[in-house]
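Student: Sequence unavailable; structure follows:
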């Protein structure tokens with residue numbers, strides 16, 4: 001027997017009243033899938049561990065907007081409202097005005113964990129850190145606007161960009177909501193909303209300023225009507241599990257016959273960032289406004305498509321999901337691909353940082369990055385020391401996490 005969405009009746013989506021406990025259990029299981037998944041879902045502990053390290057001193061970089069959670073999965077192709085596509089930072093939940101070094105270490109830890117998951121040697125990991133620094137520093141050169149053409153893209157990035165250009169609404173619908181009909185199917189990924197949440201969705205998109213977000217694309221009329229077709233709680237991600245997350249399907253112009261008339265909107269709760277901010281810097285007090293402001297500086301294509309609002313007295317960020325929005329997926333890395341991935345993704349992060357600095361600041365920051373190099377490693381000693389220590393701590397934490405949360409499920 002099937003429901004209205006075609007989901008077998010044997011699977012029952014979790015109702016709103018049972019959601020918190022179910023999400024915690026699911027998050028713990030997702031983080032147990034691999035050491036890399038544990039890294040992605042552990043931003044808070046990353047900064048706790050980083051703050052506890054005593055064997056090194058991190059340089060104080062210029063105060064700029066940083067990602068705050070700069071792991072591999074938070075980078076990928078992003079589409080602009082005009083149809084352009086670039087690989088940029090795609091998740092800014094942890095963004096703050098802080099030390100750019102934190103993004104470098106977070107990215108380095110993610111790359112090192114991915115490399116070890118691909119059974120690459122420690123020598124390869126060390127070389128990846130060198131390549132990462134080369135890519136990052138390239139963004140701060142005199143001709144940083146031409147930096148894209150100076151570093152070869154890895155195969156995974158080229159494949160993703162080709163996929164992004166070809167994708168349509170049907171691809172997005174099949175991937176995100178499992179069908180192309182104007183409904184959101186309830187099941188493993190989407191759970192029912194409470195009556196209060198359904199009313200809040202309707203009220204939210206009755207706001208003209210919010211509804212206008214759905215008409216930003218060049219293919220839509222600015223004054224077109226916006227109607228809520230369906231909405232559901234979205235069980236998505238790892239670090240965001242447990243927070244309010246709602247998928248909303250909209251009809252633009254009251255005609256759902258084509259992809260351009262349908263809009264899949266993501267409502268995501270904005271909470272306080274775990275990433276440390278520099279003292280005495282100005283940032284929006286509202287977490288949703290903070291995220292949007294950080295996105296405008298770090299990922300302009302994404303920033304122009306985001307809005308901050310309130311939902312059931314919670315700060316939230318809204319954005320339309322586009323078919324071209326993808327994330328970097330790393331399954332198995334070869335030695336050569338590992339080098340290219342490290343260099344290229346660090347360049348992407350470097351460009352996001354560099355666009356916030358004037359020429360003088362770029363030059364001085366690059367000089368600082370080139371300090372503290374040893375004769376055997378062409379990367380700063382503070383970076384390598386941090387990565388080595390954090391890889392060990394994450395591995396211990398991951399194994400303990402598996403013992404505590406995943407063993408019962410694995411033996412059932």
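Tutor: Received, thanks. A quick note: this is a predicted structure, and the numbers were derived from the prediction, not measured.
Student: Find the helix or strand that residue 78 is a member of.
Tutor: Using DSSP states H and E, residue 78 sits in strand 75-79.
Student: Return the distance of that strand from the chain's centre.
Tutor: Distance of strand 75-79 from the chain centroid (Cα atoms, centre = their mean, to the nearest Å) equals 10 Å.
Student: May I have the strands that pair with that strand, each with its orientation?
Tutor: strand 85-89 (antiparallel) (DSSP bridges).
Student: packing partners for the helix ranked longest in the chain?
Tutor: Criterion DSSP state H: the longest helix present in the chain is helix 381-405. With contacts taken as 3 or more Cβ pairs under 8 Å, 6 or more residues apart in numbering; DSSP states H and E, helix 381-405 sits against helix 19-31, helix 35-40, helix 43-52, helix 100-117, helix 122-138. All C-beta spots, glycine's among them, are computed from the backbone N, C-alpha and C.
Student: Pick the most deeply packed of these.
Tutor: helix 100-117 (a mean of 25; mean count of other Cβ atoms under 10 Å).
Student: can you state the direction angle for that one and helix 43-52?
Tutor: 110 degrees (axes from the mean of the first three to the mean of the last three Cα atoms, to 10 degrees).
Student: I'd like the average pLDDT over helix 100-117.
Tutor: Taken as a whole, helix 100-117 has a mean pLDDT of 93.
Student: how distant is that helix from the center of its chain?
Tutor: Distance, stretch centre to chain centre, for helix 100-117: 14 Å (Cα atoms, centre = their mean).
Student: about what we covered before: residue 294 is nearest to which of the helices and strands packed on helix 381-405?
Tutor: Comparison of the helices and strands packed on helix 381-405 against residue 294 by Cβ to Cβ identifies helix 100-117 as nearest, at 11.7 Å.
Student: domain assignment for the protein?
Tutor: Following automatic domain parsing, the chain resolves into domains at 16-21+169-321, 32-165+329-410.
Student: picking that back up, looking at the helices and strands packed on helix 381-405, which is closest to residue 93?
Tutor: When these are compared by Cβ to Cβ, helix 43-52 sits nearest residue 93, at 8.4 Å.
Student: Now for residue 281, which secondary structure element holds it?
Tutor: Counting by DSSP H and E, residue 281 is part of no helix or strand.
Student: and it, what pLDDT?
Tutor: The score at residue 281 is 93. That number is its pLDDT.
Student: Okay, helices next: where are they in the stretch 201-350 of the chain?
Tutor: Remark: helices assigned in the stretch 201-350 of the chain by DSSP state H, counting those that start in this stretch are 208-211, 287-298, 300-303, 335-354.
Student: okay, these in CSV with mean neighbour count and distance to residue 186 next?
Tutor: Output for those, formatted as CSV (neighbours: other Cβ atoms under 10 Å; distance: least, Cβ to Cβ, whole Å):
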stretch, mean neighbour count, distance to residue 186
helix 208-211, 13, 24
helix 287-298, 23, 27
helix 300-303, 20, 28
helix 335-354, 23, 36
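Student: For my notes, please list those helices in CSV and give distance to residue 251 and mean pLDDT for each entry.
Tutor: As requested, those are exported to CSV (distance: least, Cβ to Cβ, whole Å; pLDDT from 0 to 100):
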stretch, distance to residue 251, mean pLDDT
helix 208-211, 12, 85
helix 287-298, 25, 97
helix 300-303, 24, 92
helix 335-354, 35, 93
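Student: nearest to residue 399, of these?
Tutor: Here helix 335-354 is closest among the helices of the stretch 201-350 of the chain (Cβ to Cβ), at 23.7 Å.
Student: Point out the other helices and strands that the closest one packs with.
Tutor: If contacts are counted by 3+ Cβ pairs under 8 Å, 6+ apart, helix 335-354 sits against strand 75-79, strand 85-89, helix 100-117, helix 122-138, helix 155-166, helix 287-298.
Student: one more time with 10 Å, if that's ok
Tutor: Under the contact definition 3 or more Cβ pairs under 10 Å, 6 or more residues apart in numbering; DSSP states H and E, helix 335-354 sits against strand 64-66, strand 75-79, strand 85-89, helix 100-117, helix 122-138, helix 155-166, helix 287-298, helix 359-369.
Student: That one versus strand 85-89: what angle between them?
Tutor: Angle, helix 335-354 to strand 85-89, by the same axes, to 10 degrees: 80 degrees.
Student: Taking helix 122-138 as reference, get the angle to helix 335-354.
Tutor: Per the same axes, to 10 degrees, the angle that helix 335-354 makes with helix 122-138 is 30 degrees.
Student: how big is the angle separating helix 335-354 from helix 359-369?
Tutor: 140 degrees.
Student: mind checking the end-to-end distance for stretch 73-92?
Tutor: Using Cα to Cα, to the nearest Å, the end-to-end distance of stretch 73-92 comes to 12 Å.
Student: Please identify the buried residues of it?
Tutor: 73-81, 85-92 (16 or more other Cβ atoms under 10 Å).
Student: ok, residue 29 to residue 42 distance?
Tutor: Look at residue 29 and residue 42: by Cβ to Cβ, to the nearest Å, they are 14 Å apart.
Student: okay, the helices and strands packed on helix 381-405 in TSV with distance to residue 355 next?
Tutor: What follows is the helices and strands packed on helix 381-405, written out as TSV (distance: least, Cβ to Cβ, whole Å):
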stretch	distance to residue 355
helix 19-31	33
helix 35-40	25
helix 43-52	24
helix 100-117	12
helix 122-138	14
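Student: For the closest residue to residue 278 other than its chain neighbours, give me its contacts.
Tutor: Distances taken as Cβ to Cβ, 6 or more residues apart in numbering place residue 63 nearest to residue 278, at 4.6 Å, with adjacent residues excluded. Neighbour list for residue 63: 96, 97, 98, 99, 100, 277, 278, 279, 280, 281, 356 [criterion: Cβ atoms under 10 Å, 6 or more residues apart in numbering].
Student: Having no further points to raise, I will conclude here.
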